[in-house]
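J.: how would this look folded up:
(one chain, ligands or ions: 2)
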Amino acid sequence: MNINELLDSKEGEKRFMLGNEAAVRGVLESGVSLAATYPGTPSSEIGDILFKIAKEANVYFEFSANEKVAIEVATSAASTGLRTFSFMKHVGVNVAADSFMTSAYIGVEGSMLVLVADDPSTFSSQNEQDTRHFARQANIPLFEPSNPQEIKDFIHYAYDISDKFNIPVILRTTTRVSHMRGIVETGSYAKNTKTYGEYKDNGLHVPVPEAARVMHKNLVEKISDIREVSNKSPLNKIIDNGAEIGIIASGGAYNYVADVVRQNNLKVNILKLGFTHPYPEELVRKFLEDNREVLVVEEVDPLNEIETLAIAGKYNINVKIHGKRDNTLPEIFEYTPDIIFEALQKLSSFDDKRKEPNQLSEIALPSRPATLCSGCPHRASYYAAREAINSLNLDLESIHPSDIGCYTLGIAPPYKMANYLMSMGASVGTSCGFSKSTKDQPIISFIGDSTFFHAGIPPLINAVHNKTKFTLVILDNRITAMTGGQTNPGIPIDGMGDEAPEISIEALVKSIGINFVKKVNPLNVKEMINIYKEALAYDGVSVIIAKYPCNLINKQAIRERKYKIKVDQDKCVHCNICVNNLACPSINEIDGKITIDQVCNKCGVCTEVCPTNAIHKEE
Ligand code: SF4
Ligand code: SF4
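T.: Residues are numbered from 1 along each chain as shown. Ligands and ions are numbered 1, 2, ... in the order given. Sure thing, here's the model as predicted:
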């Protein structure tokens, strides 16, 4: 939708919105004053939109250095009485967890919502973890919308709970819900007027052990009260069709259930859950008593199922409960309507009225492995690293800890420059471990600029202090690229679009006592190869800052390259170094000839790589 409509739509109008757009409208209608995030798919569009409209909406917005900082910014601002918003992807909660766990103890004076987008089937993540565990562990209420309208409406409801109980709350979406489109009826929206709150020291904000014990007791009592609300909440509703088979479904998984039931005209009862922590015990108890068999449908982990089993056991209800625990449904990955239908068939012999089950899955799709863009500066960095390692004839296998970002794609041949990966910033920490646990194996690790600010600095301090030896390449492409091009502390623009101090990676790295720091334009491949060789010979932590802007933000410069990249067929000796070693997707071998296609971004790296100068720039 047109971004202006997010602000301009009047009460009662209907708009076709992405789930993440509905989230922005929801927080704006709710009167949010401050929002903070670290970008992460599938929640990234929320930040991209707020970056564009924050000023007009009079909302303070920032791309924080990481999710923990974002939570700290939102929680402290909420303690001044403001309504605040933080959002992230599921793995971001791991980073935020340390502060987030305590936020429920301290509570908020205003209100605070944390939207977390989970990623069943790991479309863009390193794992499939389920945020609902955090809600239970932290004693924080959690809501699970199924579509864009619900995202917007649940946000209002969730803020009300946060307000009433002075507690942060979580809205858990999944990839399909964040990225699905649907009609959303907008509510009333007025530009935010509450820019500042007031902090009052009520003596309850410092959880030293004596106080923390009291806070925990209060929190458990609060959650018990909130369970009463969840039992009666309109977000949890029974659709009673007088059947003997019941389905309990929540979040995105409910959509598959709704499709299967409607398309096959199945006679089942449904308990649709939108407010799932605290689990609505009384409501579920009633549903179990009214059904002979119940299937619990949820993505990712069987949390509602375990709660349901516990309720059946507690009240000795004679009902069969199916789900992931008895393998009626798969334990992992995203669901599909066919998976739900087949699970229901295991319970009851419903006629299969599906016209062509699994129709889509039978279509042979071409494989589309992720690859670095044509002209991506990371390719040059990887090519040079591989050349340096090969030319040194190193006997031992080289170790390449990598990190979270586009450069993870360095795992692919021919570079093979990622063979160990854990999480944001872990390339540096794991390099410390490899440095202490291996002998003479060369270690070259990679991290991006945004990821370096996010979680790469503490392990680098650790590396220096503990006298480790490895080469860290900071791939500074001047943006947070993989999530779509958001700013970070190394960019001279902040989340409000204003000029901001640009933190120098070079000065920062030098300031912690690293003496080998080289800054290089990775498109200068030969220089880069020599720097790698020097860095590998250095006895200590060596840092190479490979600085060149990502194609996403370099469009103007690319347009200004008036030359073309051509191949002189007479000079080409068909060594295929350009195709096999550099592997830029714009270079192809067609009918025995090397050709360069239209998507070439004219970075010029292939002209340096070709040993016979067959590839050249032509005005
Ligand atoms: S100049 Fe060469 S390496 Fe760069 S994008 Fe074009 S074909 Fe690829
Ligand atoms: S690197 Fe140069 S010589 Fe070798 S195949 Fe490519 S264009 Fe031909």
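J.: Can you read off the pLDDT for residue 95?
T.: We have a pLDDT of 96 for residue 95.
J.: and what of the one 10 residues further on?
T.: If you check residue 105, the pLDDT there is 95.
J.: Report whether it is found in a helix, as I expect.
T.: Yes - counting by DSSP: H, G, I helix; E, B strand; the rest coil, one finds residue 105 located in a helix.
J.: Quick check: the gap between it and ligand 2.
T.: 62 Å (Cβ to the nearest ligand atom, to the nearest Å). C-beta: built from backbone N, CA, C; applies to glycine.
J.: ok, that residue - contacts?
T.: Neighbour list for residue 105: 207, 212, 215, 216, 219 [criterion: Cβ atoms under 8 Å, 6 or more residues apart in numbering].
J.: With residue 75 instead?
T.: Neighbour list for residue 75: 84, 99, 103, 106, 108, 112, 168 [criterion: Cβ under 8 Å, 6+ apart].
J.: Then the fifth one would be within a strand, right?
T.: Pointing back at residue 108 there. No - counting by three-state DSSP, residue 108 falls outside a strand, being coil.
J.: roughly how far apart are it and ligand 1?
T.: Distance, residue 108 to ligand 1, using Cβ to the nearest ligand atom: 50 Å.
J.: Just to check, that residue is in contact with residue 77?
T.: No - applying Cβ atoms under 8 Å as the test, residue 108 and residue 77 come out as separate, 9.1 Å apart.
J.: Okay, and which of the contacts of residue 105 map to helices?
T.: Cross-referencing the contacts of residue 105 against helices under DSSP state H gives 212, 215, 216, 219.
J.: what about the nearest residue to the last one once chain neighbours are set aside, neighbour count?
T.: Distance criterion Cβ to Cβ, 6 or more residues apart in numbering; nearest residue to residue 219, sequence neighbours excluded, is residue 139 at 5.1 Å. Residues lying near residue 139 (other Cβ atoms under 10 Å) number 18.
J.: give the contact list for residue 139.
T.: Applying Cβ under 8 Å, 6+ apart to residue 139 gives the contacts 104, 219, 220, 222, 223.
J.: which of those sit farthest apart?
T.: Spanning the widest gap among these are 104 and 220, at 10.4 Å by Cβ to Cβ.
J.: Of these two, which one has the most company?
T.: The residue with more neighbours, out of residue 104 and residue 220, is residue 104; 24 against 10, by other Cβ under 10 Å.
J.: In contact with the more buried one, which residues?
T.: Shown in contact with residue 104 (Cβ under 8 Å, 6+ apart): 138, 139, 140, 167, 168, 219.
J.: Just name the closest of those to residue 411, please.
T.: Nearest to residue 411 among the contacts of residue 104, with distances taken as Cβ to Cβ, is residue 138, at 34.1 Å.
J.: For that closest one, give me the backbone phi and psi.
T.: Backbone torsions of residue 138, given as degrees, to the nearest 10, read phi -90, psi -10.
J.: Just to check, residue 298 is in contact with residue 305?
T.: Yes - between residue 298 and residue 305 there is a contact under Cβ under 8 Å: 6.9 Å.
J.: can you give me the strands in the stretch 301-450 of the chain?
T.: For the stretch 301-450 of the chain, the strands defined by DSSP state E, counting those that start in this stretch cover 320-322, 401-402, 420-421, 444-448.
J.: returning to what we had before: shared neighbours, residue 108 and residue 77?
T.: Here residue 108 and residue 77 share the contacting residues residue 84, scored by Cβ under 8 Å, 6+ apart.
J.: which bits of the chain sit near ligand 2?
T.: With Cβ under 6 Å from any ligand atom as the criterion, the chain meets ligand 2 at residues 567, 572-578, 594, 610, 612, 614-615.
J.: Write out the residues of the stretch 401-550 of the chain neighbouring ligand 1.
T.: Counting by Cβ under 6 Å from any ligand atom, no residue of the stretch 401-550 of the chain is near ligand 1.
J.: give me the residue from the stretch 401-550 of the chain nearest ligand 1.
T.: Residue nearest to ligand 1 within the stretch 401-550 of the chain: residue 523 (8.4 Å; Cβ to the nearest ligand atom).
J.: what helix or strand does that residue sit in?
T.: In the assignment (DSSP states H and E), residue 523 maps to no helix and no strand.
J.: that older thread, nearest to residue 197, of the ones in helices among the contacts of residue 105?
T.: For those, the nearest to residue 197 is residue 215 (21.3 Å; Cβ to Cβ).
J.: What count of nearby residues applies to the closest one?
T.: A count of nearby residues for residue 215, using other Cβ under 10 Å, gives 19.
J.: Can you verify my assumption that it contacts residue 204?
T.: Yes - in this structure, residue 215 is within contact of residue 204 by Cβ under 8 Å, at 7.1 Å.
J.: list residues touching both of the two?
T.: Applying Cβ under 8 Å, 6+ apart, one finds that residue 215 and residue 204 are jointly contacted by residue 106.
J.: re the thing from before, which among the contacts of residue 75 gets closest to residue 238?
T.: Ranked by distance to residue 238 (Cβ to Cβ), the contacts of residue 75 are led by residue 168 at 28.8 Å.
J.: show me the contacts for residue 399.
T.: So residue 399 contacts 419, 420, 431, 434, 438, 441, 442, 443, 444, 445 (Cβ under 8 Å, 6+ apart).
J.: Spell out the secondary structure type for the closest residue in space to residue 315 that isn't next to it in sequence.
T.: For residue 315, ignoring the flanking residues on the chain, the nearest one in space by Cβ to Cβ, 6+ apart is residue 285 at 5.6 Å. With three-state DSSP as the basis, residue 285 sits in helix.
J.: Let me see the contact set for residue 285.
T.: When contacts are counted by Cβ under 8 Å, 6+ apart, residue 285 touches 311, 315, 317.
J.: Report whether the expected contact of the last one with residue 287 is present.
T.: Spelled out, that is residue 317. No - using Cβ under 8 Å, residue 317 is not in contact with residue 287, being 9.8 Å away.
J.: More neighbours: those two, which one.
T.: Neighbour tally, residue 317 and residue 287, criterion other Cβ under 10 Å: the higher count belongs to residue 287, 25 against 19.
J.: For residue 567, what are phi and psi?
T.: phi -110, psi 120.
J.: Which strand residues bridge it?
T.: Counting by DSSP bridges, residue 567 is bridged to residue 615.
J.: wait, is residue 154 part of a helix?
T.: Yes - assessed with three-state DSSP, residue 154 lies in a helix.
J.: Please give me every residue in contact with it.
T.: Counted by Cβ under 8 Å, 6+ apart, residue 154 has contacts 26, 143, 145, 171, 235, 274.
J.: Give me the neighbour count for the closest residue to the fourth one other than its chain neighbours.
T.: In other words, residue 171. Nearest residue to residue 171 in three dimensions, chain neighbours excluded: residue 115, at 4.6 Å (Cβ to Cβ, 6+ apart). Counted by other Cβ under 10 Å, the residues lying close to residue 115 total 29.
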